[in-house]
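*Asks:* Using only what follows, build the 3D model:
(4 chains)
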Amino acid sequence: MTVTEPILQIRDLVKYHDTKGGRVHAVDHIDLDLFPGETLGLVGESGCGKSTLGRTIIRLHEPTSGQILYRGQDIAHLSRNDLRPVRRDLQIVFQDPFASLNPRRTVRQILSEPFSVHGVGTKAERSEQVNDLIAQVGLHPSFAERFPHELSGGQRQRIAIARAIALEPSTVVCDEPVSALDVSVQAQIINLLGQLQADMGAAYVFISHDLSVIGYLADRIAVMYLGEIVEIAPKWALWRRPLHPYTQALFSAIAIPEPPSKARKHRIIIQGDIPSPIDPPSGCRFRTRCPHAMPICSEKSPKLTEVGDGAKVACHLVNDA
Amino acid sequence: MLFTNAKYVLNRILHGIPIILAIVVVNFFLIRLAPGDAAQVLAGESGAATAEYMDQIRKQFGLDQPLWIQFLNYMKNLLVFDLGYSFRHGRTIASLIIERLGATAILMGASMVLSIGLGVILGAIAAVRDRTFLSHVIVILAIVTYATPLFWVGLMLIIVFALNLGWFPTSGYETIGATLTSFDHMLDVLHHLVLPAISLSFFYMALYTRLMRASMLETLGQDYIKTARAKGLSGSRIVMAHALRNAIIPVLTMAGVQVSAMLGGSVIIESVFGWPGLGLLAYEALFSRDLNLLLGIFFLSSILVVVTNAVVDVIYTLVDPRIRLNGGRHE
Amino acid sequence: MNPIRQLLCASTLALGVAFTGWSAQAQQQGGTVVITTTPEPSLITNALSSAPTTAEVATKIFDGLLEYDMDLNPKPSLAESWEVSEDGKTVTFKLRPGVKWHDGVSFTSADVQFSLMEVVKSYHPRGKGNLGPVNSISTPDDLTVVMHLDHPYVPLIRGMSSLETPIIPKHIYEGTDFRNNPAVNAPIGTGPYRFVEWEKGSHITLERNPDYWRDGQPYLDQLIFRFIADAATRAAGIESGEIDVATFGTINPVEMRRLEKVDGISIAFGGYEAIAPVMLLELNTARPPFDKKEVRQAVAYALDRQRIIDTVWYGFGKPAVGPISSFVKGAGAWTDEGVRDFTVPDRLEIAGKLLDEAGYPMKDGKRFTFIHDAAAFGEDWRRMGEVIKQQLGKIGIEVELRNRDYPTFVRAVHNEYDFDMTSSWYIGMADPTLGVQRNTWSKMINKDVPFGNSSQYSNPEVDALWEAAQTEADPAKRNDYFHQLQRILVEDSPLIWIMDMDLVAVQRDRVKDLITSPFGVRGGLYDVWVQD
Amino acid sequence: MKSAVPILQVEGLRTEFRNKRNGWFPVVDKVNFHLSAGETLAIVGESGCGKSMLAHSLMQLLPSRISRLAGGIIRLGDHDLAKLSDTEMRQVRGKEISMVFQEPMTSLNPLMKVGRQIEESILEHDHCSAKEARKRSIELLDMVGIPEPMARADQYPFQLSGGMRQRIVIAIALACRPKVLIADEPTTALDVTIQAQVLELIDRLKSEIDMGVILITHDLGVVAEWAQRVMVMYAGRKVEEAEVETFFSGPSHPYSQALLSSVPRPDALIGEAKMSQLTEIPGTVPPMDQLGPGCAFAHRCSRRTEGCLAVIPPLLTLPSGTSVACIHAEEFAHDRH
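*Replies:* Residues are numbered from 1 along each chain as shown, chains lettered A, B, ... in the order given. A predicted model of the protein is given here:
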């Protein structure tokens, strides 16, 4: 990994939602760095807070506490107005492209919007830029005049991506961008995202519940469980030697399409359900399902600790060994 | 569970108190924006009043006091549930309202039962037999009924069933002057109730039919209906055990909201059928500027709405365990 | 012979004469008659209120000292005979012996004294008018009432009906707050029917008074008043036979014409001679354009009265000549001699000419615009506004129509006098002093009292004539005053009298002898019987 | 396992839908396959390829107003399901052939206790006492791995997690110990760790009740791990059927090949700084009422020839035992070896 300054530094970030049922610990004291041009995979199961984290770091959600340093400036509590210049650098692609595109506007109108909002270029220039964008995401120019409902799921997701990259942002949060798509289309979008990154050099925070997809795109992977990061490591290191029992279980659960004769013989199936993020277990949050749980796990919350190879793990088993 | 429900209802009613008070305050001042006072109306009716007569009435009604004193007096009395006195009727407002409450309650109750019952049944049939002749007939019927003015429905029913067929009386609450045993009297009231209750329920029945049909269609498309079919259950069992109860929830919600609207509708129906209820009383009170009485009726109506909504919520909890078991807080 | 005594002697002949049936058929005993009226009264003791529906119920329960025949001549009732002194300032009534209140207490002269002086005079809106100069009443014995007057007052004898001056029981009311006495709504009287129950919003039930002083009467066992808010439902009720009698105003004129053709239903004409209702337009003489006599006359010419009667009121009435209804012709007060006739063939040309003179020349087919506030009495009155608008349009007057709810209407028009033209009707009563005077007498210009002289017409000559008629003892002279008044008032036209109204009721044919009094259904109804 | 007698045999199955002009077009056509007890047959393909239609056709759960079974045999035990009346089919459905749906959050009636929902199925088919049904439903809850089955039986679906609900749905499907279980994307909506639990459960119960499982999925990883045989569908037809080992060693149909290579395989890229491109399949599945003559996949196929557009390719059986509907199948097989 090249030694550069991080573009985003997340420090002790907390985001709680207050619901009727109680306080949801969606993001609980998280530290994280994002480097220019890298892809950070954020993986975890439903309710682990990965989407909330993704949205909070680009200030779609108001953080409860903590710092978000963007190029050294703390944007965690900036007002709407002060945030405006930073906004264009921080973009997002959602899971459901249909819900995120205004059904009453043409593709051209949708794609012109980022330019007009940020006052970029003349009208003629914008039109030219929209054409370029459409070509960039691999669609025919005629798509500019269509409405979202006239497009397939994959095409809509391309438009959503085009909108996100219009202003050449430094950071794009991709929130489950391929989960709703068919296998063949999923491959197209993954390829497109990879290629755009190579062209533009934007950093991606790629959120998915699917380790296969994450593994394909990410440089580093952060594994989340109940609002906390339990392990973060470069992809190859994580794949070669997952240290946290939860990471191990996640890897084990990936079904790999290869002949049964070549498949791994040992499969870990962890039992039980994910506890509620409203009332997470004491100590290590994974202990209720962990096959290696020890007495200390319920008493003390393990700290995310450097273990070499740029990897950090929060597990008493590893940290105290 | 019963205890939980009672507590829940109590809680809801307590929350309703500030709302009711706000309604009272707003009404008090709003009502007085209407030009003309009770003395002028009385004098107008007599056709030949003198100045002394007018003064006498005003003093007696307390209309000679400044507005804010009238307001303070009213609120003070309200605290001990004294709704005041109707000089026009020469009675306490509480006694007037209590006297009329029964008739309105019977009319509204019957109309609610009729409109919800028939609406649910017709809507369910229209949905289960979707795209058949029967469902088209029901849907068209519902649209037509929905668009028909209440008073017109009432008059048509009178013409057909009271005048031409002579099955029911044209108006009234009971046969006047007849001395009947309590059972016969009940039958007599029911006989008088049929036409007004049907008229009042007509519009709402159409509303609930449409709502129920839409809700039922949606329910029938749900995954759990497919699960039920995959179990090999019969069509009728699927509808009765699985679809109906789920589909009825939006209808219940609507019914709760519509109670106050139905109270408005009962004004029309009560005047068409000479039904001696609250709606009619309110109507007369408005036109005779019997403001205390009007306020009293509004006060009672707002209580009624708050209570009904609480009751609907309880019914809700009986139908939907998701609400009951979470104490009204789900997810 | 004193003219008043002359008038009265004729009627005293009827003294003691038993009532003879109006119908050739034999009356049947028993049965129930259901009457519908609207609106439901707020109280049912008419000593305290002059509301029409209050009176409709109360006149069955209470008696007056006198009754009247169809020519408005007085007849005995609670008083068996009466006598007016030479100077006209003392009137002595001899009461009927043996009359009992519904609670069994005996009726005496003290009740009369109490009713008239303590209650009617101060509480009944027309009490002052009816009792006029009566300053005290003495009761030498239980069956003698002596009224002492400041000056002779002819209308007195015409105002002693149960409708105007009902006699109420002193033993119930004395020393109480009259208005809040429970008996107000559960009255005790001496009349043909006794109060049974009042189911608010629904009905009032009266039953036969078995101890009524007219032996064998009333015939009915029950009389029920039903209150139904909707006019169409009331019509349906009489059609289905649930209702026997619908009083005037409960059924739209057009419906009445339809019901008339239904088997078993007929219209009861007559029975409003002593009420003498007149329908009219009131013009605001205090501001333009109706401050000019010519303009008022022009409008009077331009209106086609017969057409209004036919199209709006379906023929229930006849064109009015002036302020006094032709129904009271019998008493001699009415005349059309020398009264300006607005129904001439060239009336539209005359109207045009008058408007030109008044300074409202025709410009682009238009002269001026004013607002007509239709009386808030119902649909018919709004429709009359439409017809007026259309008729006045013909002479270039543009009419804007304004319809408001009753209390708003009363306040704006009759309390604030903020109007150009409005429609109305009044009860003329048996004597013009009692009913007609209040609309044109300048002393009735009073913003606190609605339905007085709202057109603010003030003419010293007219005032003098009204006042003279109040104290004049000679009927011939009085009639002459009234004739003069009619000529002057029609000439000035502060009001435009449109129609002498037929206050007809609708009835089922099973009801017999409904109308036997000049008060119609506002009489005691003791003659009514049913044939089933 | 392989040699067992087939319990379900489907031959020439054709299901049609009504189009807007009141004509009929096939959504499942000429589908043949068989299933043995204790065997899991996976059916794969993109959305719209007809795999779900096939499952619903077997259960006869398609809406009768707009669809019909237009031909073929569905032999289950002694019955040909295709010939049964509605009433007869109802007696088979849920008893001899059951189905589990994709969405556990919505597959259960929210207003009915879960125990009751299981008992309902038992009572419908086995006519036992309510008490007996209750006892059996609790046994079933225990069997599908629900802790404290007695208490859980009296809970409502909303009180259970997604994984638990899917276990309930499975318990309902297995209530009468069916011969065949159709699982239509049973784990798509579940979390990764829960997904493994559920698939393992189905696999275990399969042997316990000795039934055949038809596993419908778009996830080739799931197929590789849990199925014995795989059937690939495209445009309503079977385009390939093979043993799992054979299939994942090298599928024969170009569509199967494209599907397999479009799946991201993280393990294949360890150590590389950046990934290589995934194989894309251009275009989308054609709507079934707009199929031209010839191979339905031809217009997306990189190896298309003139001949592909002429006729619908028949199913060939390769020496490996794989059947494949591609006129070039043998050449490719040759190329690869």
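*Asks:* What parts of chain A come near chain B?
*Replies:* A:Thr19, A:Lys20, A:Gly21 (CB under 8 Å from any CB of the partner chain). Backbone N, C-alpha and C define where each C-beta goes, glycine included.
*Asks:* among those residues, which are within reach of chain C?
*Replies:* For chain C, no contacts are drawn from these by CB under 8 Å from any CB.
*Asks:* Looking at these, spot the one nearest chain D.
*Replies:* Lowest distance from chain D to the residues of chain A next to chain B (CB to the nearest CB) belongs to A:Gly21, with 12.0 Å.
*Asks:* isn't that closest one right up against A:Ile278?
*Replies:* Yes - between A:Gly21 and A:Ile278 there is a contact under CB atoms under 8 Å: 5.8 Å.
*Asks:* Name the SS class of C:Gln507, please.
*Replies:* strand (DSSP: H, G, I helix; E, B strand; the rest coil).
*Asks:* Point out where the chain drops to low pLDDT.
*Replies:* Defaulting to chain A. A:1-3, A:263-266, A:320-321 (pLDDT under 70).
*Asks:* that answer is for a different chain, and I need it for chain C
*Replies:* C:1-25.
*Asks:* How about the contacts made by the residue in it positioned nearest to chain D?
*Replies:* Nearest to chain D in chain C, going by CB to the nearest CB, is C:Gly201, at a distance of 43.1 Å. Residues near C:Gly201 by CB atoms under 8 Å, 6 or more residues apart in numbering or on different chains: B:Arg100, B:Ala103, B:Trp275, B:Pro276, B:Gly277, B:Leu280, B:Leu281, C:Glu40, C:Phe227.
*Asks:* Could you pull up phi and psi at the closest residue to the second one other than its chain neighbours?
*Replies:* It refers to B:Ala103. In this structure, B:Ala103 finds its nearest non-sequential neighbour in B:Gly277, 4.1 Å apart by CB to CB, 6 or more residues apart in numbering or on different chains. Dihedral angles of B:Gly277 (phi, psi; degrees, to the nearest 10) stand at phi -110, psi -170.
*Asks:* same check, this time on D:Gly212
*Replies:* phi -100, psi 150.
*Asks:* just checking, it touches D:Ala37?
*Replies:* Yes - applying CB under 8 Å, one finds D:Gly212 in contact with D:Ala37, separated by 5.5 Å.
*Asks:* Compare these two (neighbour count), which wins?
*Replies:* More crowded of D:Gly212 and D:Ala37, by other CB atoms under 10 Å in any protein chain shown: D:Gly212, with 24 against 19.
*Asks:* Grab the nearest non-local neighbour of that one.
*Replies:* D:Leu35 (4.0 Å).
*Asks:* In terms of helices and strands, where is that neighbour?
*Replies:* strand D:24-36 (DSSP states H and E).
*Asks:* What ranges does the stretch 201-321 of chain A have for its helices?
*Replies:* Under the criterion DSSP state H, counting those that start in this stretch, the stretch 201-321 of chain A contains helices at A:211-217, A:235-240, A:245-253, A:295-299, A:316-319.
*Asks:* Format these as a markdown table; extra columns: mean neighbour count.
*Replies:* What follows is the helices of the stretch 201-321 of chain A, written out as a markdown table (neighbours: other CB atoms under 10 Å in any protein chain shown):
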| stretch | mean neighbour count |
| --- | --- |
| helix A:211-217 | 24 |
| helix A:235-240 | 20 |
| helix A:245-253 | 22 |
| helix A:295-299 | 14 |
| helix A:316-319 | 18 |
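*Asks:* Any chance of TSV for those helices, columns distance to D:Leu201?
*Replies:* TSV is the format used below for these (distance: least, CB to CB, whole Å):
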stretch	distance to D:Leu201
helix A:211-217	22
helix A:235-240	28
helix A:245-253	14
helix A:295-299	27
helix A:316-319	28
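*Asks:* Quick one, which of these gets closest to B:Phe87.
*Replies:* helix A:295-299 (75.9 Å; CB to CB).
*Asks:* related to what we said a few turns ago, from B:Ile97, how far out is the residue of chain C closest to chain D?
*Replies:* 11 Å (CB to CB, to the nearest Å).
*Asks:* what do these two both touch?
*Replies:* Both C:Gly201 and B:Ile97 are contacted by B:Leu281, under the criterion CB under 8 Å, 6+ apart.
*Asks:* Any idea which residue of the stretch 1-150 of chain B lies closest to chain D?
*Replies:* Counting by CB to the nearest CB, the stretch 1-150 of chain B gets nearest chain D through B:Arg131, at 6.9 Å.
*Asks:* residues near that residue, how many?
*Replies:* B:Arg131, neighbours per other CB under 10 Å, totals 9.
*Asks:* quick check, it in a strand?
*Replies:* No - read with three-state DSSP, B:Arg131 is coil and lies in no strand.
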